[in-house]
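Student: sequence and predicted structure, then a few things I'm wondering about:
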Amino acid sequence: MSLGMIRLLLVLTAIAASSPSVAQPQPLGPAAFCGIPTFAAPNPQGASATVWQGQPVIIIDHSQFQNPAWLQFVVAHECAHHVLGHTLPSGMWFRNTTYWATAAQELQADCWAAGTVHPQASAVASQQFFQQGPFPGPAGYPSGAERSANIRRCAGF
């Protein structure tokens with residue numbers, strides 16, 4: 001494990017320690033779809049792709065582990081953000097300065113994931129998003145219905 005990854009784990013541990021009810025972060029190893037170091041840790045977004053001290057990482061909340069097919073899609077979706085350059089400075093600038101960029105990047109990541117995972121994982125993700133209706137997250141995210149239709153299209157359903 002690199003020094004940067006050790007520092008990330010220490011920061012995540014400190015965050016978790018500040019709340020006794022929060023589980024300690026756990027290194028999960030490299031993501032199957034992209035080889036990026038992945039950690040299970042509290043994450044209010046559910047999962048996120050980010051860069052820590054110049055190193056790409058994926059952080060997945062424990063709530064995402066309930067269904068293996070869903071988890072497969074989530075990991076692939078976060079890999080997609082790295083693979084497609086969304087976590088590079090230019091991708092972050094685009095997302096932070098252009099209202100529709102968030103929706104575009106989320107749909108791109110969903111499509112990449114749908115083309116990468118087992119079809120059952122895409123079917124589960126499509127159903128999960130369809131049931132959400134309008135996405136409950138921040139402004140700019142596509143609705144659950146939009147994401148569901150996009151996943152189905154990209155998976156060839």
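Tutor: Nice, I can see it.
Student: drop to CA atoms for contacts and neighbour counts, all remaining ones
Tutor: Will do.
Student: what's the strand or helix carrying Ala69 in contact with?
Tutor: Here Ala69 sits within helix 68-83, counting by DSSP states H and E. By Cα atoms under 8 Å, 6 or more residues apart in numbering, the surrounding residues in contact with helix 68-83 are 31, 33-34, 36, 47-50, 56, 58, 64-65, 87-88, 105, 108-110, 112-114, 116-117, 120-122, 124-125.
Student: next helix or strand past that helix?
Tutor: Taking DSSP H and E, what comes next after helix 68-83 is helix 89-97.
Student: buried sites along that next one?
Tutor: Within helix 89-97, the residues scored as buried using 16 or more other Cα atoms under 10 Å are Gly91, Phe94, Arg95.
Student: likewise for stretch 42-57?
Tutor: For stretch 42-57, a neighbour-count test (16+ other Cα under 10 Å) marks Pro42, Ala47, Ser48, Ala49, Thr50, Pro56, Val57 as buried.
Student: now do the end-to-end distance for that stretch.
Tutor: In stretch 42-57, first residue to last residue: 14 Å (Cα to Cα, to the nearest Å).
Student: which of the contacts of helix 68-83 are buried, as a PyMOL select command?
Tutor: Buried members of these, defined by 16+ other Cα under 10 Å, are picked up in PyMOL with:
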select buried, resi 31+33+36+47+48+49+50+56+58+64+87+88+105+108+109+110+112+113+114+116+117+121+122+124+125
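Student: quick one on the thing from earlier: could I get the buried residues of stretch 42-57 as TSV with distance to Ala145, secondary structure and pLDDT?
Tutor: TSV is the format used below for these (distance: Cα to Cα, whole Å; DSSP: H, G, I helix; E, B strand; the rest coil; pLDDT from 0 to 100):
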residue	distance to Ala145	secondary structure	pLDDT
Pro42	27	coil	93
Ala47	20	strand	94
Ser48	21	strand	92
Ala49	23	strand	94
Thr50	26	strand	91
Pro56	30	strand	94
Val57	28	strand	95
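Student: farthest-separated two in those?
Tutor: The span of the buried residues of stretch 42-57, defined through Cα to Cα, is set by Pro42 and Pro56 at 17.7 Å.
Student: for this protein, what spans make up the strands?
Tutor: Using DSSP state E, the strands of the chain run over residues 26-30, 37-40, 47-52, 55-60.
Student: on that earlier part again, mind putting the buried residues of helix 89-97 into CSV with pLDDT and distance to His77?
Tutor: What follows is those, written out as CSV (pLDDT from 0 to 100; distance: Cα to Cα, whole Å):
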residue, pLDDT, distance to His77
Gly91, 81, 15
Phe94, 77, 19
Arg95, 73, 16
